[in-house]
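K.L.:
Requesting a structural model of the entry that follows:
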Amino acid sequence: MKRVLVTGAAGRIGSAVVTELLGRGVEVTALVLPGTAAPVPGLRVVEGDACDPVSCRAALAGADGVVHLAALPAPHRGTPYEVFGGNTLATFTLLEEAGVAGVRNAVLASSYAANGLPFATQPRSPAYVPVDEHLPSHVEDPYALSKQTDELTAAMMARRHGMNVIALRYPFVGGLEDRLLPRARQLEADPGAGAADLWSYLDTRDAARAAVLALEARGTHVFHVAAPRTLAPYPTLELLRRFHPDAEIRADLPGRTTPLDLTAAERVLGFSAAYELTPG
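P.N.:
Below is the predicted model of the structure:
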């Protein structure tokens, strides 16, 4: 690809995606909210909102790929109407404008939270592990519902415009110093704090690489992407027996193996995480 539009380009994953694309010789357009600094000097920057068709149209000029990361990333980051309404309208608007503009490859940030477990009002357990994209839904919050809706929108746009649209279900994402080390210390002291996330995580650099690899994929897919081992310094089976005793265990999970099914992303995208934090 010659030029890729990145929405949410100043965010945690967005800035890493920009760096990854530039490192591969791809030109980047950044769509950012007004007043937001560009993640890298010299980028083509369009200030606007992904919910606005005019902003999207301007940002899509010359693009042959889109990585859509702009969203309110948790249910408490706005009112329920802002979180669900804003997230879903942005995804619909951007993909519709991309399809009309002839863009045929799009990637969007979904979330492990699309299954509804992380933000449930009462602790819930998955029906089975490793968790895959077919896990029965427990959604009861506007953020999880927005991500489920985004995935349906992606499938619809793929049919509507003949696009390739990949949704990546990201887990807890961060850099080593700013998020992963503090999170690892938290889970060592209190493993229950990671039970809803199944102790999964992904380094920001791997999150960016997964998005760039997904730009080359064909069809419409939903993939879980995560590090192959958990961030908690305890055997996964022990954690599951303690915090999710009713979950059916459908595969061997030796050591700290993450209880997420990563095989589809490995098979279709050729993605496996390169950066791991060893707890302790």
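K.L.:
for the record, mean pLDDT for the helix ranked longest in the chain?
P.N.:
What stands out as the longest helix in the chain, according to DSSP state H, is helix 142-161. Taken as a whole, helix 142-161 has an average pLDDT of 98.
K.L.:
Contacts made by the helix or strand just after it with the rest, please.
P.N.:
Using DSSP states H and E, the next helix or strand after helix 142-161 towards the C-terminus is strand 164-170. Here strand 164-170 makes contact (C-beta atoms under 8 Å, 6 or more residues apart in numbering) with 13, 95, 104-112, 114, 133, 147, 150-151, 154-155, 157-158, 202, 207, 210-211, 214-215, 217-225, 265, 269. C-beta: built from backbone N, CA, C; applies to glycine.
K.L.:
So how do I select the buried members of the residues you listed in ChimeraX?
P.N.:
Those of these that count as buried under 16 or more other C-beta atoms under 10 Å are selected in ChimeraX with:
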select :13,95,104,105,106,107,108,109,110,111,112,114,133,147,150,151,154,157,158,202,207,210,211,214,215,217,220,221,222,223,224,225,265,269
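K.L.:
Go through the contacts of strand 164-170 and flag which are in strands.
P.N.:
Using DSSP state E, the subset of the contacts of strand 164-170 located in strands is 105-111, 202, 220-224.
K.L.:
want to throw those into JSON lines with distance to residue 247?
P.N.:
JSON lines is the format used below for the ones in strands among the contacts of strand 164-170 (distance: C-beta to C-beta, whole Å):
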{"residue": "105", "distance to residue 247": "36"}
{"residue": "106", "distance to residue 247": "33"}
{"residue": "107", "distance to residue 247": "30"}
{"residue": "108", "distance to residue 247": "28"}
{"residue": "109", "distance to residue 247": "26"}
{"residue": "110", "distance to residue 247": "22"}
{"residue": "111", "distance to residue 247": "20"}
{"residue": "202", "distance to residue 247": "21"}
{"residue": "220", "distance to residue 247": "28"}
{"residue": "221", "distance to residue 247": "25"}
{"residue": "222", "distance to residue 247": "21"}
{"residue": "223", "distance to residue 247": "21"}
{"residue": "224", "distance to residue 247": "16"}
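K.L.:
out of the residues you listed, who's nearest residue 46?
P.N.:
Checking the ones in strands among the contacts of strand 164-170 against residue 46 by C-beta to C-beta gives residue 106 as the nearest, at 16.9 Å.
K.L.:
and the closest one, what pLDDT?
P.N.:
pLDDT, read off for residue 106, is 98.
K.L.:
Next: residue 177.
P.N.:
On the pLDDT scale, residue 177 gets 88.
K.L.:
so what's residue 237 up against?
P.N.:
Here residue 237 is in contact with 249, 253 (criterion: C-beta under 8 Å, 6+ apart).
K.L.:
How far off centre is the helix or strand in which it is found?
P.N.:
Counting by DSSP H and E, the element that carries residue 237 is helix 236-243. In terms of C-alpha atoms, centre = their mean, to the nearest Å, the centre of helix 236-243 is found 25 Å from the chain centre.
K.L.:
which residues are in contact with the next helix or strand along the chain from it?
P.N.:
Toward the C-terminal end, the helix or strand that comes next after helix 236-243 (DSSP H and E) is strand 248-249. Applying C-beta under 8 Å, 6+ apart, the contact partners of strand 248-249 are 127-129, 237, 240.
K.L.:
10 Å instead, please
P.N.:
125-130, 236-237, 240-241, 259 (C-beta atoms under 10 Å, 6 or more residues apart in numbering).
K.L.:
I'd say residue 88 and residue 71 touch.
P.N.:
Yes. Judged on C-beta atoms under 10 Å, residue 88 makes contact with residue 71 at a distance of 9.4 Å.
K.L.:
I'm done for today, thanks for sticking with me.
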